[in-house]
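> need coordinates for the following:
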Amino acid sequence: MQRQGATRLGPLLLLLLPLAWAGEQPVSPRLAGQAARVALHYLNYRQGSPSALRALGQVRKATLKAIPGIGHKYYLQFTTEDYKSSQDVGTCLATVLYLKRKPRPAVNINCTYTKDQKQTREDDYSFYKKMRQQTKSIIGNEIPDNDGNIEPDLEPVWALAVAGSSYIMWEKSTENLGYFMAQVKNVKQWITKDDSTDFDYTVILHEIPTQEMISCHLRVIWIPGHPLKVKYFCLSENQSSESGEGSGIESGSTTGIFNEKEANF
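Prediction:
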């Protein structure tokens, strides 16, 4: 994919840079990758775009600062890939603070983005328009199937589940526990009279490093360009349950997504 020409760093990135690498401790690759994925869970949820999902590419730099009485703060620089195609889509600078007295990490993240944003918005709207025109609810099971395949018509439905599940994975993540969305076990669309699209999902989350599979019921309400509304209820193999909800206004901030060339970092 062709990169955009070099431009100046955004002012918020310049503020982050002197803070990020000033004498912190080095971090193991496992913990660095875990923290970077937490930042991307947060980003994918807050952007609320099934067409703009990102996965972790390579962690280029990671350091850690222990803040007495508060927690551990990670400073990260990493590349990202398009969730579907695995093509490089830019670099991120992020901080992830695991708080001792708060269940979910506090995240700040700033990224470049080399994917065509106009096309991304058009893809989102095309999916939204199709869902709004449905007269019969979409129902699906086992996405992807046991062979890893997803029906083309269900790919945006699956991607919206990833965006919604990103809220759960961000909220449940700790310094030592991370999550991947393994599968949409089932999905049902609700036909609504307002402007939103409304889906009920059962998703399976893979917990790392325990290898536990966690089943979560997930309700996602979505309008393109607006924060996702998420409610969930999870039941793990040991039968403990957890529930929560989000609407795009949680602590931490993306503080802007910039279209800077990766080399500027």
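> and the gap between M169 and V184?
14 Å (Cβ to Cβ, to the nearest Å). For every residue, glycine as well, the C-beta is placed using N, CA and C.
> do the same with F127
F127 sits 15 Å away from V184, going by Cβ to Cβ.
> comparing these two, which residue is more hemmed in?
Per other Cβ atoms under 10 Å, whichever of F127 and V184 has more neighbours is V184, with 25 against 20.
> counting by contacts, list what whatever helix or strand A163 lives in packs against.
Taking DSSP states H and E as the definition, A163 sits inside helix 155-172. Applying 3 or more Cβ pairs under 8 Å, 6 or more residues apart in numbering; DSSP states H and E, we find helix 155-172 packed against helix 29-47, helix 117-132, strand 139-143, strand 178-190, strand 197-208, strand 213-222, strand 229-235, strand 241-246.
> export it to CSV, keeping only CA atoms.
Output in CSV follows, covering the C-alpha atoms of helix 155-172 (Å, rounded to 0.1, in the frame of the first residue of the first chain):
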residue,chain,number,x,y,z
GLU,A,155,-18.2,-10.1,7.3
PRO,A,156,-19.4,-6.6,8.3
VAL,A,157,-21.6,-8.2,11.0
TRP,A,158,-18.6,-10.1,12.3
ALA,A,159,-16.5,-6.9,12.2
LEU,A,160,-19.1,-5.0,14.2
ALA,A,161,-18.9,-7.8,16.8
VAL,A,162,-15.1,-7.3,17.0
ALA,A,163,-15.6,-3.6,17.6
GLY,A,164,-18.2,-4.2,20.3
SER,A,165,-16.1,-7.0,21.9
SER,A,166,-13.1,-4.6,22.0
TYR,A,167,-14.9,-2.8,24.8
ILE,A,168,-15.2,-6.0,26.8
MET,A,169,-11.6,-7.0,26.1
TRP,A,170,-10.3,-3.5,27.1
GLU,A,171,-12.4,-3.5,30.3
LYS,A,172,-11.4,-7.0,31.3
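> just the angle between it and strand 139-143, please?
Interaxial angle of helix 155-172 relative to strand 139-143 (axes from the mean of the first three to the mean of the last three Cα atoms, to 10 degrees): 60 degrees.
> name the residues of helix 155-172 that come out as buried.
Applying a neighbour-count criterion of 16 or more other Cβ atoms under 10 Å, the buried positions in helix 155-172 are 156-172.
> how does the protein divide into domains?
Domain assignment for the chain, taken from automatic domain parsing, gives 11-115+251-264, 117-246.
> buried deepest among the ones you listed, which one?
The highest mean neighbour count among these, using mean count of other Cβ atoms under 10 Å, belongs to domain 11-115+251-264: a mean of 18.
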